[in-house]
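S.K.: Here you go, sequence then predicted model.
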Amino acid sequence: GSRGHRLAPRPMFCAISGVAAETPVVSAKTGHVFEKSLAEKYVESTGKCPITGEALTLEDLITVQTTTGPSAPRPVTASSIPGLLSLLHREWDALMVETHSVKRALDGTRKELAHALYQHDAACRVIAKLTAERDEALRRLEAGGGAPAKRAAEG
């Protein structure tokens with residue numbers, strides 16, 4: 001039962017970066033949780049969900065209300081430590097979005113390469129089988145009388 005003890009809220013982890021989201025948003029279409037700045041940058045640039053690839057708009061991202069205490073201070077210029085931290089945070093967000101996009105592209109390229117290698121291997125097997133069948137047919141013709149084999153080879 002509840003005796004006035006409150007459990008500490010569990011952090012929500014961003015599906016892009018894997019880090020606890022400071023400003024979590026949830027996709028109304030897919031239910032995935034993201035860091036707001038990462039999700040907004042990704043959706044603005046692609047119009048898709050970073051995880052499923054489903055069409056997504058900024059309106060589909062719902063801010064999750066949390067009770068974490070006072071809000072973060074306003075960003076200041078780069079001449080102060082909080083300003084530098086803010087700049088570094090924005091740079092980190094951009095890197096996370098880019099890394100996620102690169103990982104997705106790499107996965108797609110690996111799948112395409114595997115498919116192309118499979119097709120190449122299958123084509124080599126078919127060629128080897130047809131060559132063996134042709135050679136066997138020529139041997140049979142030569143063994144059966146020789147003349148048809150010579151005419152086939154000359155023609």
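M.R.: Good, I have the coordinates.

S.K.: what stretches of this structure score poorly on pLDDT?
M.R.: Residues of the chain meeting the criterion pLDDT under 70: 1-10, 67-78, 146-155.

S.K.: 80 instead?
M.R.: Applying pLDDT under 80 to the chain picks out residues 1-11, 66-79, 145-155.

S.K.: which residue ranges form the helices in it?
M.R.: With DSSP state H as the criterion, the chain has helices at 36-46, 81-144, 147-154.

S.K.: what's the distance between Glu54 and Ala105?
M.R.: Distance check for Glu54 against Ala105: by Cβ to Cβ, to the nearest Å, it reads 18 Å. C-beta: built from backbone N, CA, C; applies to glycine.

S.K.: what does Ala39 give?
M.R.: As judged by Cβ to Cβ, Ala39 and Ala105 stand 19 Å apart.

S.K.: So which of the helices of the chain is the most surrounded?
M.R.: helix 36-46 (a mean of 19; mean count of other Cβ atoms under 10 Å).

S.K.: picking that back up, any chance of the helices of the chain in TSV, plus distance to Phe13?
M.R.: Conversion of the helices of the chain to TSV gives the following (distance: least, Cβ to Cβ, whole Å):
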stretch	distance to Phe13
helix 36-46	12
helix 81-144	13
helix 147-154	70
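
S.K.: which stretch among those helices comes nearest Leu61?
M.R.: Closest approach to Leu61 among the helices of the chain (Cβ to Cβ): helix 36-46, 5.5 Å.

S.K.: elements contacting the closest one?
M.R.: Under the contact criterion of 3 or more Cβ pairs under 8 Å, 6 or more residues apart in numbering; DSSP states H and E, helix 36-46 touches strand 24-27, strand 61-63, helix 81-144.
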